[in-house]
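[1] just coords:
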């Protein structure tokens, strides 16, 4: 049985039910905290460079990166989450509901976010 299915046992027979795997993109991000403004600086190979005004203390920069990317992608904030690198400049973020190609396309064509 594949990992995408679950087996349920009933009184008479075994039933395998297919479950959908959610689409999820993972991107590498290099973060510069305490920047003059929050912005997506662009791609450096396979790594997205992001600048945020928030300080790195208490996870504020991580939260700012998640909000910035969600806004640029037109997704709710809950769709972007930190997978690894909570205490590092180099991070991996997961984006629910989009594939890798669509994320890259949207970030390449995303308008600049409003400055605060």
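    Sure thing, it's come through. All values derive from a computational prediction rather than experimental measurement.

[2] Burial check on residue 23, number of neighbours?
    By the criterion of other C-beta atoms under 10 Å, residue 23 has 12 neighbours. To be clear about C-beta, it is placed using only N, CA and C from the backbone, and glycine gets the same treatment.

[3] OK, contacts around it?
    By C-beta atoms under 8 Å, 6 or more residues apart in numbering, the contact set of residue 23 is 96, 97, 98, 99.

[4] go on, residue 30?
    Counting by C-beta under 8 Å, 6+ apart, the residues that residue 30 touches are 44, 47, 48, 49, 50, 89, 90, 91.

[5] would residue 58 count as being in a strand?
    No: according to DSSP: H, G, I helix; E, B strand; the rest coil, residue 58 belongs to no strand; its state is helix.

[6] For PyMOL, write a command that selects the buried ones of the contacts of residue 23.
    Restricted to buried positions by 16 or more other C-beta atoms under 10 Å, the PyMOL selection for the contacts of residue 23 reads:
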select buried, resi 98
